[in-house]
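K.L.:
sequence unavailable; structure follows:
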């Protein structure tokens, strides 16, 4: 190839190289100086692969002209052994007739002199360096933006991962950071929250989230100007992404209602956030410094009857109406769980009936300190002055605090505690016995109508007219039915208005024919219908009925 053709080809290669570098600089937002430095390093590496690692090669990129200047410097010898640093005299004289042994020979190199493999290696170095420079640039641009909300376009959805194109970079939204109901396709616009910028990640470095609680805060800042301007402050957020969230807010301006500003006119502001989150319900709760008030509000929409701090550091006991308990707990315990997350307090929910029962038990199990026989009047007064009013208080008080009370030594304290334990055990047994007795009475009352008390004789007295009626019913159903029919006729004529129970008995018997009544009586163990006749005999007209039955008995005999 002639020198002119070779130079023309080199110019074309240099021009294409310059264009490629300019395009990379534009698309990847990489500094052109870094690309030039990387290109020089790549060509140097390619030259040493071609001529040897110890070769003295100089690479210089002339940006104004777009030329790549490469020179290989070697020493002239008679017979070269190390081709990386030496050149034969004969080879050197082909380029320079005045070349002599011992002189330095400088050879101009072109890309073709490096060989195809060397050029591919240089390209690999350039690509790798561009990638590293791009990742470095992304890290520098976004590591200070962790915690911001960004908007992007869905580039690709692959194996659950959503790849999002941001301004000049790419981010990833992993499945664990997605709301369950989210469905995105290529080209869709998406809002997300930057939770991390991973410098060591193999794929996209920017990690996004739509489930993070702070994402909800950024949405409120975007929709509610008062929140963005810090007039309204969001004190806390508790979320179960895609299902429900609770947000506590407080206003720094007395003229502005925090909840009303966040909700907006006809709910316009909060509804925009709900739509963005795919229908996630949002409860906006007014914040309060008082934990009891704050917990009460956080359990909305349930209405709280009473809230009491059980443990100053951890727990609050909340009482609600019986019909509000399930609402306060929520589906799967969600409402109570979110309220606990929002307030930072452990919440024990209890119905009013159960709370009343507990209070009654606490009241009945209370043992006053005066019941301690081992403590004299003065000692009891000292205990009460120290805040120990009951045996239960004494058992809860640490030994160190008891010994600090004047006049109480270690032996006295141990004796008091021992007696207190015995009293508590005794009271517990008494309450258990009472509960057992109450339960047995309850069971007995439930079955009493179906059972006869032991020792009681079923039916009327043996020599009474009622007993005779019962015998007739058992012996001859027809006569028994006639007797009952006659008794019913007589009862119709009696003044039953004065005795409601008798009137009720008449109505019951009138619904049966005499034959049915007699047959029904034979099927039972005791003369139930005869007992109904006895009730009528006790009426002020019973005397007439008695005479009638005696006449009937005489006929039957």
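P.N.:
Arrived safely, thanks for sending. Just so it is clear, the model here is predicted, and its values are computed rather than measured. Residues are numbered from 1 along each chain as shown.
K.L.:
going forward, measure contacts between C-alpha atoms and count neighbours the same way
P.N.:
OK.
K.L.:
so what's the backbone phi/psi at the nearest residue to residue 369 once chain neighbours are set aside?
P.N.:
Distance criterion CA to CA, 6 or more residues apart in numbering; nearest residue to residue 369, sequence neighbours excluded, is residue 390 at 4.6 Å. With angles defined as degrees, to the nearest 10, residue 390 sits at phi -130, psi 170.
K.L.:
pull the number of nearby residues for residue 390.
P.N.:
Using other CA atoms under 10 Å, residue 390 has 18 other residues around it.
K.L.:
bridging residues for it?
P.N.:
residue 368 (DSSP bridges).
K.L.:
can you classify the closest residue to residue 156 other than its chain neighbours as helix, strand or coil?
P.N.:
Nearest non-adjacent residue to residue 156, counting by CA to CA, 6+ apart: residue 163, 5.1 Å away. When classified by DSSP: H, G, I helix; E, B strand; the rest coil, residue 163 comes out as strand.
K.L.:
now for residue 387, how many residues are close by?
P.N.:
With other CA under 10 Å as criterion, residue 387 counts 12.
K.L.:
equivalent analysis for residue 201, please.
P.N.:
Applying other CA under 10 Å, I find that residue 201 has 11 neighbouring residues.
K.L.:
and the one 10 residues further on, by the same measure?
P.N.:
Number of residues near residue 211 (other CA under 10 Å) recorded here: 20.
K.L.:
next one: phi and psi at it?
P.N.:
Main-chain torsions, residue 211, degrees, to the nearest 10: phi -100, psi -10.
K.L.:
same deal with residue 240?
P.N.:
Residue 240 adopts backbone torsions of phi -120, psi 100, taken as degrees, to the nearest 10.
K.L.:
all helices for the stretch 201-350 of the chain, in order.
P.N.:
According to DSSP state H, counting those that start in this stretch, the stretch 201-350 of the chain carries its helices in the segments 213-223, 225-228, 258-263, 268-276, 291-298, 325-329, 334-343.
K.L.:
packing partners of the fourth one?
P.N.:
Yep, that's helix 268-276 we're talking about. helix 213-223, helix 258-263, strand 281-286 (3 or more CA pairs under 8 Å, 6 or more residues apart in numbering; DSSP states H and E).
K.L.:
and for the longest one?
P.N.:
When contacts are defined as 3+ CA pairs under 8 Å, 6+ apart, helix 213-223 packs onto strand 189-197, helix 225-228, strand 232-240, helix 268-276.
K.L.:
out of the ones you listed, which gets nearest to residue 397?
P.N.:
strand 232-240 (36.6 Å; CA to CA).
K.L.:
contacts for that closest one, please.
P.N.:
Strand 232-240 is touched from outside by 213-214, 216-217, 226-227, 245-253, 258, 287, 338-339, 341-343, with contacts defined as CA atoms under 8 Å, 6 or more residues apart in numbering.
K.L.:
that strand to strand 281-286, inter-axis angle?
P.N.:
Orientation of strand 232-240 against strand 281-286 (axes from the mean of the first three to the mean of the last three CA atoms, to 10 degrees) gives an angle of 140 degrees.
K.L.:
report the angle between strand 232-240 and helix 334-343.
P.N.:
Between strand 232-240 and helix 334-343, the angle comes out at 140 degrees (the same axes, to 10 degrees).
K.L.:
quick one: least confident helix or strand in this protein?
P.N.:
Here the helix or strand of the chain ranked lowest by mean pLDDT, DSSP states H and E is helix 528-537, holding a mean of 38.
K.L.:
can I get the helices of the stretch 201-350 of the chain in a markdown table with mean neighbour count, distance to residue 100 and mean pLDDT?
P.N.:
Shown next, in a markdown table, are those (neighbours: other CA atoms under 10 Å; distance: least, CA to CA, whole Å; pLDDT from 0 to 100):
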| stretch | mean neighbour count | distance to residue 100 | mean pLDDT |
| --- | --- | --- | --- |
| helix 213-223 | 20 | 76 | 94 |
| helix 225-228 | 18 | 80 | 93 |
| helix 258-263 | 19 | 89 | 93 |
| helix 268-276 | 17 | 81 | 93 |
| helix 291-298 | 21 | 95 | 93 |
| helix 325-329 | 20 | 98 | 92 |
| helix 334-343 | 21 | 87 | 94 |
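K.L.:
what's the spacing between residue 317 and residue 355?
P.N.:
10 Å (CA to CA, to the nearest Å).
K.L.:
and for residue 98?
P.N.:
Going from residue 98 to residue 355 by CA to CA gives 113 Å.
K.L.:
thank you, goodbye.
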